[in-house]
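Participant: got a sequence here, can you build the structure:
(one chain, ligands or ions: 1)
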Amino acid sequence: MAVRQLREAFEGFETSLSSLVAASRPLATDVDESNQEAVKMAVEELLSKQTELTQAARHVDAITAMRTRIEKRKTRLAELKQRSSRLVAELQASALQIETLMDQADKKLEDANHAMSAALPPEQVVDYAYRLAMARSINAPFGWNYAGRHERPFPTELQLKAGKLVEFAGVPPVKATKPKDQDTGKTTAKDEEPSVSKAAARTAEQAAGDDEGALPLTVRQVAFLTHECTHPHADAHAHAPGGPPSKRVKPEPALSDSDALSDASSAVTQLPNEDLLRRLAEEVEQEEETPMPNPTASGPAKAPEPTAAPLEAMQNTHDTGVKQEEEPNAEEPTEHVELVMTVVPPMIRHLGTRLGAAAAERTAATGWRLAGAMYPSPVLLASLLAMSSFTAAAGAASSSSTIVPQAHVAVIGGGLAGLAATIEAQRNGARVTLVEKEARIGGNSAKATSGMNGVHSRAQRLAESQDSVQTFVNDTLRAGRGLCNEALVDVLAQHSGEAVDFVESFGVQLDVLSQLGGHSFARTHREANTPEGRPKPVGFDIVAALRGHVETLAQLGLVHIATSSRVAGLSRAHAMPTESNGAAMGRGQFQVNIETAVGESTARMAQATPLLADAVVLATGGYSSSASKLHEHAPWLEDLATTNGPWAQGEGLDLGLSLGGMTEHLDKVQVHPTGFVDPTNPAARTLFLAPEALRGAGALLLNNMGHRFVDELAPRDTVTGSIWRYASYDTDSENLDDPATPVHEQRPTDAEAFLVMNKAAIKKFGPSAFSFYSKVKKFFTEVSGTTGLAEYINGVNQERQYPIHVEERIVRDTIEAYNRAAEHDFADAFEKQTFPVNYNMAVSFGDHPLFVARIKPVVHYTMGGLRVSPEGQLLDTHNQTIDGVFAAGEVSSGVHGANRLAGNSLLECVVFGRLAGQGAAAAATKATADLRHAHDEL
Ligand SMILES: Cc1cc2nc3c(=O)[nH]c(=O)nc-3n(C[C@H](O)[C@H](O)[C@H](O)COP(=O)(O)OP(=O)(O)OC[C@H]3O[C@@H](n4cnc5c(N)ncnc54)[C@H](O)[C@@H]3O)c2cc1C
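Facilitator: Residues are numbered from 1 along each chain as shown. Next up is the predicted model:
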């Protein structure tokens, strides 16, 4: 309103002024000589006033334009508000739907449990109970491993039966009333937690006088309980505790059409019978003489050791102090789990171990068999458990540097690709050995922070995304600049949605979608922030969830994990027995030479027994940390620091080549423009990644002269190139302005820039995540306005011995120029179009806080690697597949061509890791059959 009035007044004034000037002109000629000069001056003054007014009018125009823009934004905001409330409503509806579906799933699970129990002979139910209890006692978050850390706690029938069994054996539950001393009536310390042996002795006393004393009481109890478990509705009076075991009726399997179940049933017929139980029970009774350790005291409910620290903290180490803060709490055992875990006596463990050993003996003699897809049904997992042929061998430790000498499939490398391959190979019936050279599983996968791509995932469906497989393929091919293998990209995109589902099935909720550089839609999935607003470490969480599952499989003896074990060589073994090499019968196709660590350090390795495997999956990651490989293939980058861990040495390339494989695109190395320079160790070789989100939130990049030099939101390679060109004092970089010289060939070695943020940018980025970089890692220094910033830059220049002194005025000009562009929303000198925040306060108030960090380009990812088929099988120099050898993850090539799209690597690990695992299991099955056939022929 005020502007309009001002404008109208001005227009009226301008008209009258113009007429006045017009009228005064003839007047000036009329007036006598002496007054002419004065009139002229008056006219000039009027004219200059007119110019001023015109300028004022321009300002008015600018204000009007700004108002229009504000109005437009208001309308847009209102639309967005409306849309978000619609989305909230939809989300609520979906949540309800999900709840209902979960209830239905629970119901189905329960029915399946009932059906399974009904289908199984009583001995096996008892065996389940024992083994389940054992597994529980070893690994508290057992349910967590496949159902997700905040999922329901494995309330299976079997657990209930395990609980019942223990209750029946007379062992009081966890918080039972303390028994009193018979004479004094006081609680005795000795009796506070009655030992198993005592409990068993008590039950034995109860049974004294029973005519059927020939059978030890515990065994009779077991038999009774077995009946109870399998006939829950039977008349209680007919089978009183301590009474004779009821006649057992073996029910028909309810799910006899299932392959897994029929396998299970046949294995069950070989399970320990009552005689064995009796012998074992007798042994147990003998052992009662020896006091047994209290299982609670030995801490059986411990969650598995986290193998990697979370979030960005993970980027440089597997062991930072932040880990404790970020690590999701180990799930509190539920009441039932607690009961089972607390009362699982050594007797039961002992019995279970013996049962496992007996089963192992038998299955070793008859050849081992594993059921097919059992995941994720706990019932089927339990059935597999009962059939496991090497439970006893697995022992209590889930991973070790002890090598079990034979496997169907050897997976080399314990990053995301290796974990996905292990899970899938195991699901397809293979006995897998996962070999990892580091003491902990995780690799670079645990460092990922942006997320994992996927099309048609749950989150995209919820968001009603218009994304498509074809658009994803096109984006990936465009980024790869003509070097991608289209068949691999097709597989990647086609399987992307189910890959996200696969990860979610382990309990990692990938709800949040972002649209990262080079993508046409929001398709990079990560987890929602914590309730306190802290971002979750997506790579770390995905690895932790899959690792947890693999560790559970290891506890069950279905997978062997060898950590601190480096594969130093691979060769073909004599697979087929012949008259001359008959001794090789039963050995795998490949000999995997493993060096295990000596003592605690993985730096010192010693030769160990070779592992023989029927198929091999190479999942050893990239070579960003290998100075020699970079020197050979991308020498212009060899002196750069890297975001990768020191394990990224590209050893898988040599292993693949030794089996006849082929590499390609090894010179295609992705450089990330912003690795944090640690002020306390500026020469460090491994740097933390300064995530793109910092620039996305409005961070500025300044060079050592105090100037901006690039659109901070430009693609990675543009920002990197600009840092090399404009943020270096190195004289070698002079050639960089010559467009004929490829930037990487004349790269200066000293390029480093300053990343500057104000409070508004920090707010956008997320203060708690920012505080990790500023307070924990101390990469940022707080400075006072433009003066402080100039001082900081000068300090670094001095430290680096650059004879450059930056005046405060220059920094101020730089920031003012940015502010002008940001305010008027026009592209600035670097074609920057989007201005997430402005820095007005920094120039208006001398002491306004700014936060500055040093950054430089770092080697981040290696696109080249071993050539593979769309099934993940290694290709030879003639593009023919090599039998039994697979590669997945960063060790392979083809998906990313010359440049990787953010978020495509985690996806590649899951998609091709799974395919490689399936292929390797099939190859191993075939190898075993061929071997048997050859043996029969001999
Ligand atoms: C800081 C950072 C952030 C990233 N962010 C993302 C992101 O947000 N999204 C995305 O998609 N990608 C991201 N990436 C890339 C991605 O994390 C990796 O490329 C990918 O996880 C590689 O997985 P991998 O399983 O192939 O290898 P790794 O996870 O590196 O695992 C390989 C494993 O093999 C082991 N190994 C190597 N040689 C041997 C041997 N001879 N014997 C036994 N074991 C061996 C290693 O010790 C290692 O544990 C990021 C990378 C980094 C460094």
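Participant: contacts, neighbours, all on C-alpha from now
Facilitator: OK.
Participant: residue numbers of the stretch 351-500 of the chain in contact with the ligand?
Facilitator: Contact residues, the stretch 351-500 of the chain versus the ligand (Cα under 6 Å from any ligand atom): 412-418, 435-438, 441-445, 447-452.
Participant: among those, which are in strands?
Facilitator: 412, 435, 452 (DSSP state E).
Participant: show me the contacts for the closest residue to the last one other than its chain neighbours.
Facilitator: Excluding the flanking residues, the one nearest residue 452 by Cα to Cα, 6 or more residues apart in numbering is residue 903, at 4.5 Å. The contact partners of residue 903, taken as Cα atoms under 8 Å, 6 or more residues apart in numbering, are 450, 451, 452, 453, 524.
Participant: show me the domain layout of this structure.
Facilitator: Domain segmentation of the chain under automatic domain parsing yields 2-104, 120-177+189-396, 416-666+868-937, 669-861.
Participant: over to the residue nearest to residue 452: give its phi and psi.
Facilitator: Backbone torsions for residue 903, taken as degrees, to the nearest 10, come to phi 90, psi -10.
Participant: ok, back up a step: could you tell me the least trusted of the domains of the chain?
Facilitator: Lowest mean pLDDT within the domains of the chain: domain 120-177+189-396, a mean of 35.
Participant: which residue ranges of the stretch 401-550 of the chain form strands?
Facilitator: 406-412, 432-435, 452-453, 512-514, 524-526 (DSSP state E, counting those that start in this stretch).
Participant: reformat these as TSV; add distance to residue 892.
Facilitator: Below are those laid out as TSV (distance: least, Cα to Cα, whole Å):
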stretch	distance to residue 892
strand 406-412	13
strand 432-435	18
strand 452-453	18
strand 512-514	26
strand 524-526	22
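Participant: which parts of the stretch 501-650 of the chain sit against the ligand?
Facilitator: Residues of the stretch 501-650 of the chain lying near the ligand (Cα under 6 Å from any ligand atom): 565, 566, 567, 568, 619, 620, 621, 643, 644, 647.
Participant: surely the last one is within a helix?
Facilitator: In this case it means residue 647. No - Residue 647 is assigned coil when assessed by DSSP: H, G, I helix; E, B strand; the rest coil, not a helix.
Participant: for the closest residue in space to residue 467 that isn't next to it in sequence, give me its contacts.
Facilitator: Spatially, and ignoring its direct neighbours in sequence, residue 467 is nearest to residue 521 (6.0 Å; Cα to Cα, 6+ apart). Counting by Cα under 8 Å, 6+ apart, residue 521 makes contact with 465, 466, 467, 515.
Participant: is it true that the third one touches residue 457?
Facilitator: Translated: residue 467. No - at 10.3 Å, residue 467 does not count as touching residue 457 under the criterion of Cα atoms under 8 Å.
Participant: the more surrounded of these two?
Facilitator: The neighbour comparison of residue 467 against residue 457 (other Cα atoms under 10 Å) goes to residue 457, with 21 against 17.
Participant: for the more buried one, what are phi and psi?
Facilitator: phi -80, psi 180.
Participant: from residue 870, how far out is the residue lying closest to it once chain neighbours are set aside?
Facilitator: Nearest residue to residue 457 in three dimensions, chain neighbours excluded: residue 497, at 4.5 Å (Cα to Cα, 6+ apart). Look at residue 497 and residue 870: by Cα to Cα, to the nearest Å, they are 17 Å apart.
Participant: how about residue 618?
Facilitator: The gap separating residue 618 from residue 870 is 15 Å, by Cα to Cα.
Participant: ok, those two, which is more surrounded?
Facilitator: Higher neighbour count among residue 618 and residue 870: residue 618, with 32 against 20, using other Cα under 10 Å.
Participant: tell me which residues touch that one, please.
Facilitator: Residues in contact with residue 618, defined by Cα under 8 Å, 6+ apart, are 411, 412, 413, 418, 652, 656, 885, 886, 887, 888, 891.
Participant: most surrounded residue in the residues you listed?
Facilitator: residue 887 (39 neighbours).
Participant: from residue 570, how far out is that residue?
Facilitator: For residue 887 relative to residue 570 (Cα to Cα), the value is 14 Å.
Participant: repeat for residue 883
Facilitator: Per Cα to Cα, residue 883 is found 14 Å from residue 570.
Participant: of these two, who's got more company?
Facilitator: Using other Cα under 10 Å, the more surrounded residue of residue 883 and residue 570 is residue 570, with 22 against 19.
Participant: state the helix or strand in which that one lies.
Facilitator: strand 565-572 (DSSP states H and E).
Participant: and if you look at residue 835?
Facilitator: With DSSP H and E as the criterion, the answer for residue 835 is that it lies in no helix or strand.
Participant: neighbours around it, how many?
Facilitator: 22.
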